[in-house]
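Visitor: Here is my input; please provide its structure:
(2 chains)
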2 protein chains.
Amino acid sequence: MDRFAVALDLGGTQVRAALVDRRGQILNRVAVPTAATEGPDVVIQQLSDAARAMMSGIEAGRILGVGLCAPGPLNTQEGIAISMPTIAGFENIHLRERLGQSLNLPVWLENDGTAAALGEWRFGAGAGLQNFVYITVSTGIGGGVVADNRLLRGRLGLAGEVGHMTIVRNGDTCSCGNKGCWEAYASGTAFTLRARQRVASLGHGLLAEGGKPVDGKAVFAAAAQGDPFAIELVAEEAEFLGIGIVNLLHLFSPESIVVGGGMSSNLDVLHPGISSKVRDTAMKGFESVPIVRAALEGNSGLIGAAALVYDAVPAISPSSHPA
Amino acid sequence: MDRFAVALDLGGTQVRAALVDRRGQILNRVAVPTAATEGPDVVIQQLSDAARAMMSGIEAGRILGVGLCAPGPLNTQEGIAISMPTIAGFENIHLRERLGQSLNLPVWLENDGTAAALGEWRFGAGAGLQNFVYITVSTGIGGGVVADNRLLRGRLGLAGEVGHMTIVRNGDTCSCGNKGCWEAYASGTAFTLRARQRVASLGHGLLAEGGKPVDGKAVFAAAAQGDPFAIELVAEEAEFLGIGIVNLLHLFSPESIVVGGGMSSNLDVLHPGISSKVRDTAMKGFESVPIVRAALEGNSGLIGAAALVYDAVPAISPSSHPA
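Guide: Numbering: from 1, shown residues only, chains lettered A, B, ... in the order given. Below is the predicted model:
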């Protein structure tokens, strides 16, 4: 008898749920816009409803449990959301307990970056590795670390906030309130902001045509057409990504850097610039570590959330539990 | 019958050796100036001689093995020194094998920062913790990480090069060749350099008196006497230390930051400035992690090197090996 995990991914934009089997296959899924301003009661109800939608029509005994990933900082040991910059009201909310009571199922909670690293480790670009760093570059920068064949969790499960390394002292203000974080320079948000500022100050070139606000996609498109301003913006983005990646190489000594998030869809274009920065600035022994794209597209976190459940509930031997 | 470990600490200035018991006590020790420009043959001979001096007069069977720590990057899995910026000629040298053959004993090799973290973990300021980051701030900045109750090693054992995070994009040149590393701003070397530059450009105040080249000790002494330039230099050093420490908090989520190296002798003076930077810039959940001084003074690395041996060779039960 097959058994399943329900995976939940609470994001600032969407609440997503999936029914996932032990091989990491998504069998069913649903997504709704996050009620990000309506407070924890409403959002927890959304999570609960999405989970129930996945369990509908499946015998209760065949659901092993619920894996939930959410933006940090999360105290994953206690199952508490300490704060969520993108979702209102999640200050010290007992997310695991409340969702578990609502669903009457065991719930495992993990930081979304760490969950995505777990997903890529079990079923994606990190499969078979003992050491890698997963980074997701989109609105912000998050990540998760596999070190010495284990997920790095740290005190309260808070480790892996890779977006919040200072790379520019007294630099641009970050969403976290600090200045000069990697996220404030290399995230998709920062990339778009830089492009808009550049277009505003230069006022010409492909990017200025049409008068629409520029987005990241437009910059990559213009760069592909040879627009020098766009090419410069892409080169800068690659350099900023490279600075943070070199830091991660020196700190964690991974076998691979796995890049997910929206920015990763242009990793092929960014790769030469990132590699060049790494070659020029990484210490001996670190300069040839591969930088690869995540394999699970936008599902690393969901599949990782399911893997939390399967890691906690070992496979049941056929002899003791005949189908 | 007591058994012992021989510990060796290969540094740019000194080769140190100690005889260490299972409780981390140093029973005998020796130090000689490192023949840092004379090549690996001479330096390996120094290591071997120092180890022999520790074993002299002790039955061969009572020496469990040799723990050696040295500056990275080291491939500790293969026992190879990849390069040593401060000691000439150590390019891909099979340090473990060569020393083991010379001494006819098993040798364990570890990065000096990681070994010091191990020493502090077993017998010092990290005792009982599951997660802490050890940093040593002296000529350079090194470190080691205990995460989730294990030493972080990473691919080839290269993890933990904490001094080589970029904190200032396009900043000052570091000993590693990169620009803007934490080491280039917060190490003892950087602190002294900044003091000398400040004295040269300002040309007055307590620090300029006497006409001697200023060193770090003089700056702390002048600050204690209320000299405003010295106080400013100390505040800057605390800020630079704080920037890197906040990065480490976000990345590793330690329960404690343990500070060793020469700079740590003034940690009490630097502490308010570091704490203030951490309070102002660390994310929620990370801002109250203690920052404490290493407990083993200059011996963290040596005692950690001995702990490598004891970790690898479990205690022998009295019943099977009566004294």
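
Visitor: Check the closest residue to chain B within the stretch 1-150 of chain A and give its pLDDT.
Guide: At 4.1 Å from chain B, A:P73 is the closest residue in the stretch 1-150 of chain A, using C-beta to the nearest C-beta. Yep, even glycine has a C-beta here, placed from its N, CA and C like the rest. Predicted confidence (pLDDT) at A:P73: the value is 85.

Visitor: From A:G177, how far out is the nearest residue to A:L158 once chain neighbours are set aside?
Guide: Counting by C-beta to C-beta, 6 or more residues apart in numbering or on different chains, A:L158 lies nearest to B:S253, which is 3.8 Å off, once chain neighbours are set aside. Plainly put, B:S253 is 18 Å away from A:G177 if you go by C-beta to C-beta, to the nearest Å.

Visitor: on that earlier part again, so what's the residue count around the spatially closest residue to the residue of the stretch 1-150 of chain A closest to chain B that is not a sequence neighbour?
Guide: Counting by C-beta to C-beta, 6+ apart, B:G285 is the residue found nearest to A:P73 once chain neighbours are left out, at 4.1 Å. Using other C-beta atoms under 10 Å in any protein chain shown, B:G285 has 21 other residues around it.

Visitor: Tell me if I'm right that B:G285 and A:L158 touch.
Guide: Yes: in this structure, B:G285 is within contact of A:L158 by C-beta atoms under 8 Å, at 5.5 Å.

Visitor: Overlap of the contact sets of those two?
Guide: A:73, A:75 (C-beta atoms under 8 Å, 6 or more residues apart in numbering or on different chains).

Visitor: didn't A:S275 look like it was pressed against A:V289?
Guide: No: using C-beta under 8 Å, A:S275 makes no contact with A:V289, being 10.1 Å away.

Visitor: burial count for the residue in the stretch 201-323 of chain A that chain B sits nearest to?
Guide: With C-beta to the nearest C-beta, the shortest gap between the stretch 201-323 of chain A and chain B falls at A:S253, namely 2.9 Å. When neighbours are counted by other C-beta under 10 Å, A:S253 registers 26.

Visitor: mind checking the backbone torsions on it?
Guide: Backbone torsions for A:S253, taken as degrees, to the nearest 10, come to phi 40, psi 60.

Visitor: my guess is it meets B:V162, correct?
Guide: No: if you go by C-beta under 8 Å, A:S253 and B:V162 don't touch, sitting 11.8 Å apart.

Visitor: buried ones in the top helix by length along chain A?
Guide: The longest helix of chain A (DSSP state H) is helix A:228-252. Buried positions in helix A:228-252, judged by neighbour count with 16 or more other C-beta atoms under 10 Å in any protein chain shown: A:229-231, A:233-252.

Visitor: and the angle from it to helix B:228-252?
Guide: For helix A:228-252 against helix B:228-252, the angle by axes from the mean of the first three to the mean of the last three C-alpha atoms, to 10 degrees is 80 degrees.

Visitor: Going along the chain from helix A:228-252, find the next helix or strand for me.
Guide: Per DSSP states H and E, the first helix or strand lying C-terminal to helix A:228-252 is strand A:256-260.

Visitor: which residues are contacting the next helix or strand along the chain from that next one?
Guide: Where DSSP H and E defines the elements, the next helix or strand beyond strand A:256-260 is helix A:267-281. For helix A:267-281, the surrounding residues in contact (C-beta under 8 Å, 6+ apart) are A:220, A:223-224, A:234-235, A:237-239, A:241-243, A:245-246, A:249, A:259, A:263, A:286-287, A:289, A:291-293, B:166, B:177-179.

Visitor: Quick one: the helices in chain A, in order.
Guide: Along chain A, the stretches classed as helices by DSSP H are A:40-55, A:95-103, A:112-123, A:182-186, A:188-202, A:216-224, A:228-252, A:267-281, A:300-312.

Visitor: Out of the ones you listed, which gets nearest to B:L118?
Guide: Comparing the helices of chain A against B:L118 with C-beta to C-beta, the closest turns out to be helix A:228-252 (17.6 Å).

Visitor: name the helices or strands packed onto that closest one?
Guide: Packing partners of helix A:228-252 (3 or more C-beta pairs under 8 Å, 6 or more residues apart in numbering or on different chains; DSSP states H and E): strand A:132-137, strand A:141-147, helix A:182-186, helix A:188-202, helix A:216-224, strand A:256-260, helix A:267-281.

Visitor: please redo it, this time with the cut-off set to 7 Å
Guide: The contact analysis (3 or more C-beta pairs under 7 Å, 6 or more residues apart in numbering or on different chains; DSSP states H and E) places helix A:228-252 against helix A:182-186, helix A:188-202, helix A:216-224, helix A:267-281.

Visitor: and that helix, how far from the chain's centre?
Guide: Mean-position distance between helix A:228-252 and its chain equals 18 Å (C-alpha atoms, centre = their mean, to the nearest Å).

Visitor: pLDDT on it, on average?
Guide: For helix A:228-252, the mean pLDDT works out to 97.

Visitor: Contacts only, for the residue nearest to A:P290 when sequence neighbours are not counted.
Guide: Nearest residue to A:P290, sequence neighbours excluded (C-beta to C-beta, 6+ apart): A:S256, at 5.0 Å. Neighbour list for A:S256: A:126, A:129, A:132, A:289-290, A:292 [criterion: C-beta atoms under 7 Å, 6 or more residues apart in numbering or on different chains].

Visitor: one more time with 8 Å, if that's ok
Guide: Applying C-beta under 8 Å, 6+ apart, the residues contacting A:S256 are A:125-126, A:129, A:131-133, A:289-292.
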